[in-house]
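Sequence below, structure please.
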Amino acid sequence: MRAWSGSLFAGGLLGAWSFPWVVPLAALDRPLPDAELRSIAGIIREHSRPNGGKFTSGPAALAPLPFATPLKPVFALGPTLDIVPPGFFPETLGGTPISPTVWGAALVYGPMPENLPAPPQIPFRAAALATMRFRPLPLESGQGDYSFAWKIGKPHWLPK
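Numbers count the residues shown, from 1 in each chain. A predicted model of the protein is given here:
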């Protein structure tokens, strides 16, 4: 993912280093307690069992992020992941699901960039669930669109 983000940035995609390499699942009004995060990690692991507990990234896609405005939509760009079961969010998390589920490698304003190099197909079994706070940073100059702050909470590893 680091190499792919680097190739996106080298290709002129300014937002390639503006998003952590995480998979945003939902925008929530509150952080989730540890017990709930552990429970959700177990549900995600059970969803992966038919594939031997393995996840594999797919083609690139854009996932709209909740802090966008109608005049300036912002998206997480990255390879898709089938990481959660259908209908998972309304019953379990509340909030607003972020769909499609992508492994964030860049932030993009507007449509899918042209001539995008194909993302790597990365198979993995180890994964953790955590709460992430993410917000745009105000700039004194009023210029620039890729200044953000994020903080990732305590990881809850998916059980074996």
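
Dihedrals phi and psi, Pro136?
The phi/psi pair for Pro136 (degrees, to the nearest 10) reads phi -70, psi 150.

Quick check: closest non-adjacent residue to Trp157.
The shortest distance from Trp157 to any non-neighbouring residue, by CB to CB, 6 or more residues apart in numbering, is to Ala128 (4.7 Å). For every residue, glycine as well, the C-beta is placed using N, CA and C.

Could you pull up the residues touching the one you found?
Ala128 makes contact with Ala41, Pro155, His156, Trp157, Leu158, according to CB atoms under 8 Å, 6 or more residues apart in numbering.

okay, now the last one: neighbour count?
Residues contacting Leu158 under the criterion other CB atoms under 10 Å number 23.

Over to the second one?
Counted with other CB under 10 Å, the burial measure for Pro155 works out to 13 neighbours.

Tell me which of the contacts of Ala128 fall in helices.
Among these, DSSP state H puts Ala41 in helices.

Just the ones of the contacts of Ala128 in strands?
His156, Trp157 (DSSP state E).

how about the strands of this protein, start to end?
Counting by DSSP E, the strands of the chain are 26-27, 55-56, 60-64, 74-79, 96-97, 106-109, 123-124, 128-129, 132-136, 148-152, 156-157.

Could you list the paired strands of the fourth one along with their orientation?
It refers to strand 74-79. Strand pairing for strand 74-79, determined by DSSP bridges: strand 60-64 (antiparallel), strand 106-109 (antiparallel).

Check which residues of it are buried.
Applying a neighbour-count criterion of 16 or more other CB atoms under 10 Å, one finds Val74, Phe75, Ala76, Leu77, Gly78, Pro79 buried in strand 74-79.

Which residues outside that strand are in contact with it?
Residues contacting strand 74-79 (CB under 8 Å, 6+ apart): 1, 8, 13, 15, 19, 24, 57-65, 67-68, 98, 102-109, 112-113, 119-122.

ok now it, how far from the chain's centre?
7 Å (CA atoms, centre = their mean, to the nearest Å).

send the alpha carbons of it over as CSV?
Coordinates of each C-alpha in strand 74-79 appear next as CSV, following Å, rounded to 0.1, in the frame of the first residue of the first chain:
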residue,chain,number,x,y,z
VAL,A,74,-14.3,14.2,-0.8
PHE,A,75,-13.6,10.5,-1.2
ALA,A,76,-11.2,7.9,0.2
LEU,A,77,-9.6,6.2,-2.8
GLY,A,78,-8.2,2.7,-2.5
PRO,A,79,-8.6,-0.9,-3.3
